[in-house]
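Student: Okay, sequence plus prediction incoming.
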Amino acid sequence: ALGDTIASRETTATITLTPCVDIAADGKIVVVFPASFDALAGLEVGSAKGIDGGLTLAIDDSDSNHQVTLTRDGGDGTTVVVGGTDVTIVLKQTTTPSKEGGTGPFGVKTTDSAGKVLESDDEVPEALICDGELSATAVTLADTATSATAAATITLSPCAPIPADGKVTVTFPAGFDVSSAGVESMTGIDGGVGVGVDGLKVTLTRDSKGTAVEAGTAVTVVLSQVTNPSNMGATGVFGIDTVAGSGKPLESDPEVPEATITGCSGALRGTSVALGDTIASRETTATITLTPCVDIAADGKIMVVFPA
């Protein structure tokens, strides 16, 4: 498993296996990286679990597949890895392929000290390398009237998974007011999110209670209390980014298509008449609510027509 799937990034590669045949104290674990990896120079062991003693790393780039051999040192205190033990080895300073798409499968095998293969898996699932650009991005306003306060629907589809503690940021063009923005609903992303606003940027921070949003997932977030610009016309582009919990950028689209703010249609919004009592022939109150688009002058009028 790669720690980062964006092209040409330095990251980690986590190797996991559970042998059936014991791995001797001087045995070896061989990892074959697919040809899509440009080079493995500088690769080193970061950590290991389920296997004690030291590990010496050697790289063989002599053919199209990059082979990494981890040789156990067989020293005092180094014990046999008994069959059924879960082994995890983290290799650091791995550089992801420079081209997007599937890497091709990896290979993992165990050998004795002489290199005789004990067990192998030549079809370890490939990784998906991404170019750093989000797809299927859009910002759709529920109301396009000037100065209207309504919902804004954010859509995106990541290539690089968004971790359980990751973030999605949405940057609105000048003229919007998102100071009171909140999350009305979400699909394609589980767990909860916290909402932070910094000027025109709304940051949705996942609470670590959900699962990673995998590549190709259609994500929709509906933000409430977004106030449109007061001027008609094109808004300018929006920006959407995904970020790891550490703050490391994942993917972005700084050119999400603009919206068009329109004038008033002549129809009031948010209108209602609520009676304080609905029993026949009772004296009561009638509460009138409305949200005008056009200003109501200091000497203007509001007319309410009651039914016959």
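Tutor: That came through fine. Please read these numbers as outputs of a predicted model, since none were measured by experiment. Residues are numbered from 1 along each chain as shown.
Student: shaky segments in the stretch 51-200 of the chain?
Tutor: Flagging of the stretch 51-200 of the chain using pLDDT under 70 yields the residue ranges 63-65.
Student: can you give me the helices for it?
Tutor: With DSSP state H, counting those that start in this stretch, there are no helices along the stretch 51-200 of the chain.
Student: hang on, Gly27 packs against Lys109?
Tutor: No: using Cβ atoms under 8 Å, Gly27 is not in contact with Lys109; the gap is 10.9 Å. No exception for glycine: its C-beta is placed from N, CA and C like everyone else's.
Student: any shared contact partners between these two?
Tutor: Shared contacts of Gly27 and Lys109, defined by Cβ atoms under 8 Å, 6 or more residues apart in numbering, comprise Leu118.
Student: If you count surrounding residues, which of those two has more?
Tutor: Gly27 (24 against 18; other Cβ atoms under 10 Å).
Student: what about that one, distance to Lys201?
Tutor: Per Cβ to Cβ, to the nearest Å, Gly27 is found 52 Å from Lys201.
Student: and what of Pro307?
Tutor: From Pro307 over to Lys201 the distance is 47 Å, taken as Cβ to Cβ.
Student: And the two? Which one has more around it.
Tutor: Lys201 (14 against 4).
Student: who's in contact with that one?
Tutor: Lys201 touches 169-172, counting by Cβ under 8 Å, 6+ apart.
Student: Between those, which sits nearest Thr149?
Tutor: Phe172 (13.3 Å; Cβ to Cβ).
Student: The closest one touches Leu200, doesn't it?
Tutor: Yes: with contact defined as Cβ under 8 Å, Phe172 reaches Leu200; the gap is 4.5 Å.
Student: Have a look at these two and say which one is more surrounded.
Tutor: Phe172 (26 against 17).
Student: My guess is Gly42 contacts Gln93. True?
Tutor: Yes: between Gly42 and Gln93 there is a contact under Cβ under 8 Å: 4.6 Å.
Student: Could you dump the contacts of Lys201 into a markdown table with distance to Leu250 added?
Tutor: Shown next, in a markdown table, are the contacts of Lys201 (distance: Cβ to Cβ, whole Å):
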| residue | distance to Leu250 |
| --- | --- |
| Thr169 | 11 |
| Val170 | 15 |
| Thr171 | 15 |
| Phe172 | 20 |
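Student: ok, back up a step: which of Gly42 and Gln93 has more neighbours?
Tutor: Per other Cβ under 10 Å, whichever of Gly42 and Gln93 has more neighbours is Gln93, with 14 against 11.
Student: Look up how far Cys264 lies from the more buried one.
Tutor: 60 Å.
Student: Could you report the neighbour count for Gly270?
Tutor: Every residue meeting other Cβ under 10 Å relative to Gly270 is counted, giving 11.
Student: Now for it, which secondary structure element holds it?
Tutor: Element membership of Gly270 [criterion: DSSP states H and E] is strand 269-275.
Student: After that strand, heading C-terminal, what element do we hit next?
Tutor: strand 286-291.
Student: partner strands of that following strand, parallel or antiparallel?
Tutor: As defined by DSSP bridges, the strand partners of strand 286-291 come to strand 269-275 (antiparallel).
Student: Please report phi then psi for Glu10.
Tutor: phi -80, psi 130 (degrees, to the nearest 10).
Student: Name the residues contacting each of Phe172 and Leu200.
Tutor: When contacts are counted by Cβ under 8 Å, 6+ apart, Phe172 and Leu200 have Val178 as shared neighbours.
Student: got a list of what the nearest residue to Gly263 once chain neighbours are set aside touches?
Tutor: In this structure, Gly263 finds its nearest non-sequential neighbour in Met232, 5.3 Å apart by Cβ to Cβ, 6 or more residues apart in numbering. By Cβ under 8 Å, 6+ apart, Met232 lies in contact with 146, 261-263.
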